[in-house]
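Asks: Dropping a prediction and its sequence here:
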Amino acid sequence: RVASSFVLPALSVAAVLLAGGCGGGTSGSSSEPSTPPAADTAPPLEVIRLFPGLTFANPVSLAQAPGDGSRWFVVEKRGVVRVFANDPGVASSEVFIDISDQVDQSFGESGLLGMAFHPAFPSTPEVYVSYTAPGAPLVSRVARFRLDSTGTALDPSTEEVLLEIDQPRTNHNGGDLAFGPSGFLYASFGDGGGSGDPDENAQDTGNLLGSIIRIDVDTRSGYEIPAGNPFASGSLCGNRLFTGSCAEIFAWGFRNPWRMSFDPATGRLWLGDVGQNAWEEIDRVELGGNYGWNVREGAHCFDPPTDCGTSFLEPVTEYDRAAGQSVTGGHVYRGGAVPGLVGWYVFGDFVSGALFAVREDSQPTAPAQPVGNTGLNISTFAVDTNGELLVVDYASGSIHQVVAAPDP
């Protein structure tokens, strides 16, 4: 296999998802709340179908608005976000925003890829999205939209494009968004595509490819750079000013991070980074961390094949192709329905449908525990306002809850 290309065919269980890197650490906060240790062994898990009256077209993200458990929002790759009532018997959904006319989703890894509500939503009536637009061949955009006069949908005419990144190829676009504990917006971008990062983007801090960025969006327009960013005095590369290191960068050395999340109890940032052809990895992302791609794939030398250095941050965990082919990052479980799962980071594989778990306090390169198999093309995980874990099937467009498996 040349690469884990994020080709998400509507009905193919053999499709392969995104691309990989290296990591471990914290979100950069100066202190972390004390949390009780997780159980020594994670419980076996299964999934149950929720909202059987609904399916969606190639869903890639699922979320609730801050503090609002009454609704769910589903991001469809084609450029539409739909909203529906959090009711088991719900049979219809509404359009929250449709920007399909400006989204290029014609390639396997392109489209509307991420969404994040402002932490003070709806008092601050802003929602942020990450998508690919037509370019040469693509342009990745992070944009801000505001609620319309009804307060029930986003107004497409309010779009403010915050930053743009020219994509040299059609794959490895990343595209996830998340707000951190300090209210800054984080965005993920892949290495620009191609096998083995042929342009060496992920180790080049003079562009935003292969990086996680952190920006302050609480400004009248555009964004500002948080003072703690490792290259805070550098260029604003989202405005295509490529001189020196990019001020937006929080961490780098990723192949194509697919789904990231913050642990609400510790503030740590977690992500999944899909591998080139051998290793899938999970990273805890530290401020200023270099996670190794394309010098390393996971904890292993990639280019060169040996003597690849020791200055990179190790993944928390990794798995090889016997277990799966395309990792999807998940969440640290903090719900109440599965007590034995509290404090475990749960993630999955898009191709095999497997579920894995690793303790959130694990040392780097800890083995992940297989905890179940869903039979789904896992495109994303989500947590509700109670901390319960959901998973989305890209192939069928269905939504499921992760629950404890019954005793055998």
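Replies: Looks like it came in fine.

Asks: Only C-alpha atoms from now on, for both contacts and neighbour counts.
Replies: Fine.

Asks: partners of the longest strand seen in the chain in the sheet?
Replies: Counting residues, the longest strand in the chain under DSSP state E turns out to be strand 154-167. As defined by DSSP bridges, the strand partners of strand 154-167 come to strand 138-147 (antiparallel).

Asks: Can you get me a residue count around V402?
Replies: 21 (other Cα atoms under 10 Å).

Asks: what helix or strand is the residue nearest in space to the middle of the chain on?
Replies: Among the residues of the chain, R259 comes closest to the average C-alpha position under Cα atoms, centre = their mean, at 1.7 Å. In this assignment (DSSP states H and E), R259 forms part of strand 257-262.

Asks: Leaving out chain neighbours, which residue sits closest to W72?
Replies: Q64 (4.9 Å; Cα to Cα, 6 or more residues apart in numbering).

Asks: Test my guess that the one you found contacts R71.
Replies: Yes - when contacts are counted by Cα atoms under 8 Å, Q64 is listed as touching R71 (6.2 Å).

Asks: Looking at those two, which is more packed in?
Replies: Q64 (20 against 14).

Asks: Please tell me how far that one sits from F254.
Replies: 28 Å (Cα to Cα, to the nearest Å).

Asks: what residue ranges in this structure are flagged as low confidence?
Replies: Applying pLDDT under 70 to the chain flags the ranges 1-34.

Asks: Please report how far C246 lies from E360.
Replies: In terms of Cα to Cα, C246 sits 30 Å off from E360.

Asks: And I378, by the same measure?
Replies: I378 is 21 Å from E360, by Cα to Cα.

Asks: Specify which residue of these two has the higher count of neighbours.
Replies: Remark: of I378 and E360, I378 carries more neighbours, 29 against 22, as counted by other Cα under 10 Å.

Asks: which residues touch the closest residue to that one other than its chain neighbours?
Replies: For I378, ignoring the flanking residues on the chain, the nearest one in space by Cα to Cα, 6+ apart is F350 at 4.5 Å. Contact partners of F350, counting by Cα atoms under 8 Å, 6 or more residues apart in numbering, are 16-17, 324-328, 376-379.

Asks: Next: A65.
Replies: Counted by Cα under 8 Å, 6+ apart, A65 has contacts 71-73, 117, 121.

Asks: Now do it against C308, distance only.
Replies: 43 Å.

Asks: Surely G210 and F189 touch.
Replies: Yes - if you go by Cα under 8 Å, G210 and F189 touch, sitting 5.4 Å apart.

Asks: For those two, indicate the residue with more neighbours.
Replies: Higher neighbour count among G210 and F189: G210, with 35 against 28, using other Cα under 10 Å.

Asks: Got the phi and psi for the more buried one?
Replies: Reported as degrees, to the nearest 10, the phi and psi values for G210 are phi 70, psi 30.

Asks: Then L341?
Replies: phi -100, psi -10.

Asks: can you count the residues close to the closest residue in space to it that isn't next to it in sequence?
Replies: The spatially closest residue to L341, leaving aside those adjacent along the chain, is A42, at 5.6 Å (Cα to Cα, 6+ apart). By other Cα under 10 Å, 24 other residues sit near A42.

Asks: A42 contacts E360, doesn't it?
Replies: No - counting by Cα under 8 Å, A42 sits too far from E360 to count as a contact (11.5 Å).

Asks: and for these two, which residues touch both?
Replies: W344.

Asks: how about the strands in the stretch 51-200 of the chain?
Replies: 59-63, 71-76, 80-85, 94-98, 112-117, 126-134, 138-147, 154-167, 177-179, 185-188 (DSSP state E, counting those that start in this stretch).
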